[in-house]
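>>> Got a sequence here, can you build the structure:
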Amino acid sequence: MNTLSDKKRLVVLTGAGISAESGLRTFRDSDGKNPALVLDFYNMRRRDVANAIPNAAHIGLAELEKDFDVHIITQNIDDLHERAGSTKILHLHGEIFKMRSESDESLIYEIREDINLGQLADDGGQLRPYIVWFEEPVPMIERAAQLVRSADIFVVIGTSLVVYPAAGLMDYALPGIPKFIVDKKIPDTYPVHNLTAIEHPASIGVKELQKRLAVLGFF
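Presented below is the predicted three-dimensional model:
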């Protein structure tokens, strides 16, 4: 086994496609006109995530930590990467098992049960899911861009590369490094140097990725 200093940095961007095989779909919409409906919607989604289990793709990425310095940037709000054993995960769009004050986004709390109207943060603000809804700023995007820029290998799994700003992360990968896209339907991509497409669902695609990395002599 390589020491961390010997390991190449493998940065992986994951999207809805990696959790779809665990029965989860993307859900970051919000109807601000009906706060009770929004809370109820996310309370149900939280139960869905609690009942889901990591699939072979999540587990395969965790296994890659034996040979690589793996950093996962996920667009998903579930915790399946964590439960599969991955240790370095940046959640671009928030986390379903956290909540925050509507008034102060730095007031963040763990939550496993339901969030209810009238449930307040320490500053008196209504608590809401710790989710970056569509059209809200994505505070973690700068950290994600720095990670991609530092990659020795960059992998995209289960995302269409059409939702910005996450879709623009490919632009930060250095031109000379190997890049892989894993998806059951490969999205249209503008010319990208050193890009290998693996057109499979994530669970099969990650196994193929492991084989490709081995053949290329990365471990």
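
>>> going forward, measure contacts and count neighbours with C-alpha atoms only.
Fine.

>>> which residue is nearest the middle of the chain?
Compute the mean C-alpha point of the chain, and by CA atoms, centre = their mean the closest residue is residue 74, 1.1 Å away.

>>> Tell me what that one is bridged to.
Residue 74 has these beta-bridge partners by DSSP bridges: residue 14, residue 91.

>>> Could you report the distance from it to residue 113?
23 Å (CA to CA, to the nearest Å).

>>> Doesn't residue 69 belong to a strand?
Yes - residue state for residue 69 (DSSP: H, G, I helix; E, B strand; the rest coil) corresponds to a strand.

>>> Can you give me the neighbour number for it?
20 (other CA atoms under 10 Å).

>>> re the thing from before, tell me the pLDDT at the residue nearest to the centre of the chain?
On pLDDT, residue 74 comes in at 97.

>>> my read: it touches residue 88, true?
No - between residue 74 and residue 88 there is no contact under CA atoms under 8 Å: 10.6 Å.

>>> Tell me where this protein has helices.
Here the chain has its helices, by DSSP state H, at 16-20, 35-51, 56-63, 80-84, 141-149, 202-215.

>>> Among the ones you listed, show me which one is buried the most.
Counting by mean count of other CA atoms under 10 Å, helix 16-20 has the highest mean neighbour count of the helices of the chain, with a mean of 23.

>>> what's that helix packed up against?
In terms of contacts (3 or more CA pairs under 8 Å, 6 or more residues apart in numbering; DSSP states H and E), helix 16-20 is packed against helix 202-215.

>>> Which residues outside the helix it packs on are in contact with it?
17-18, 21, 55-58, 60-61, 64, 157-158, 180, 182-184, 198-199, 219 (CA atoms under 8 Å, 6 or more residues apart in numbering).

>>> repeat for stretch 53-66
If you take CA under 8 Å, 6+ apart as the criterion, stretch 53-66 is touched by 1-2, 18-19, 21-22, 70, 80-81, 83-87, 202-207, 210.

>>> Between the two ends of it, how far is it?
22 Å.

>>> how long is stretch 81-93 end to end?
Stretch 81-93 end-to-end distance (CA to CA) = 14 Å.

>>> now residue 143: how far from residue 72?
12 Å.

>>> Kindly report the same for residue 107.
Counting by CA to CA - residue 107 and residue 72 are separated by 24 Å.

>>> Of these two, give the one with the bigger neighbour count.
Just comparing residue 107 and residue 72: by other CA under 10 Å the higher neighbour count belongs to residue 72, 24 against 16.

>>> Kindly provide the distance from that one to residue 157.
10 Å.

>>> got it, and residue 148?
Taking CA to CA, one finds residue 148 at 14 Å from residue 157.

>>> ok, back up a step: spit out the contact partners of the residue nearest to the centre of the chain.
Residue 74 makes contacts with 12, 13, 14, 15, 89, 90, 91, 92, 93, as judged by CA under 8 Å, 6+ apart.
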